[in-house]
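In: quick one, structure for this:
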Amino acid sequence: MKTILKIDAPLYRGVIEHLLPPEPIHEQAAFLFAREDRQPQQATFTVEEAAKLGPRDFEIQQRDYIEMADETRARIIKRAHDTGTCLIEIHSHLGDWPAGFSYADRFGLKETVPHMWWRLKKRPYLALVVTNSSFDALVWLHNARTPQQLDILLAGDETRTPTNFSLRGWG
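Out: Numbering: from 1, shown residues only. The predicted structure follows:
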């Protein structure tokens, strides 16, 4: 099934500017709240709003690792529940190399996604990681254990495609 993430250009730019500021010293994170439109051969996620996380939203925030605070996680889940939206987590990796989820990211997603899937009544969950040069993405569309690739990110009229490095190494 083809998967598409749509976000308007100003919102996308604002999120990317938050995640990848000039001279960053820590990884950053945000959550997107999106409506799903599922057709027989395609799932389209249209972003309605974003929540940019700040220093108080983390238990740990380092150059190469972040861990969200429990209160933040509860607030994000409640917002998705109240709005009936799917959650999309997005965080940065510092540097210019091609984007891919780290070992710590993968370990965290294997714990987080089943919990989110359960809490949000089997709504799809998406995760993105961005660097200065690219992004990668995983989509849990049919279950909480097996991700698939995101085919296209539409930021306004601009089409972007993920590296898909992480899907090849999932397991």
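
In: do you know how far the residue nearest to residue 120 when sequence neighbours are not counted is from residue 93?
Out: Distance criterion C-beta to C-beta, 6 or more residues apart in numbering; nearest residue to residue 120, sequence neighbours excluded, is residue 80 at 5.7 Å. Using the backbone N, CA and C atoms, a C-beta is placed for each residue, glycine as well. Going from residue 80 to residue 93 by C-beta to C-beta, to the nearest Å gives 24 Å.

In: what of residue 165?
Out: Distance, residue 165 to residue 93, by C-beta to C-beta: 12 Å.

In: any common contacting residues for those two?
Out: Overlap of the contact sets of residue 165 and residue 93 (by C-beta atoms under 8 Å, 6 or more residues apart in numbering) consists of residue 99.

In: the two: which has the busier surroundings?
Out: residue 93 (22 against 14; other C-beta atoms under 10 Å).

In: helices of this protein, residue ranges please.
Out: With DSSP state H as the criterion, the chain has helices at 9-19, 70-83, 103-119, 165-168.

In: what is the rounded mean pLDDT of the shortest one?
Out: The average of the pLDDT scores along helix 165-168 is 90.

In: from the chain's centre, how far out does that helix sit?
Out: Its chain's average C-alpha position is 15 Å from that of helix 165-168, according to C-alpha atoms, centre = their mean, to the nearest Å.

In: what does that helix contact?
Out: 98, 99, 100, 101, 106, 129, 136, 137, 138, 147, 148, 149.

In: next one: the residue lying closest to residue 85 once chain neighbours are set aside from residue 2, what distance?
Out: Among residues not flanking residue 85 along the chain, residue 33 sits closest, at 4.0 Å (C-beta to C-beta, 6+ apart). Computed with C-beta to C-beta, the distance linking residue 33 and residue 2 is 22 Å.

In: of these two, who's got more company?
Out: The neighbour count for residue 33 versus residue 2, taken as other C-beta under 10 Å, is higher for residue 33 (20 against 13).

In: what residues are up against that one?
Out: Counted by C-beta under 8 Å, 6+ apart, residue 33 has contacts 47, 48, 49, 50, 51, 79, 80, 83, 85, 86, 87, 88.

In: do the same with residue 96
Out: Residues near residue 96 by C-beta under 8 Å, 6+ apart: 131, 132, 133.

In: out of everything not next to it in sequence, what's closest to the last one?
Out: Same thing as residue 133. For residue 133, the closest residue by C-beta to C-beta, 6+ apart turns out to be residue 96, at 4.8 Å.
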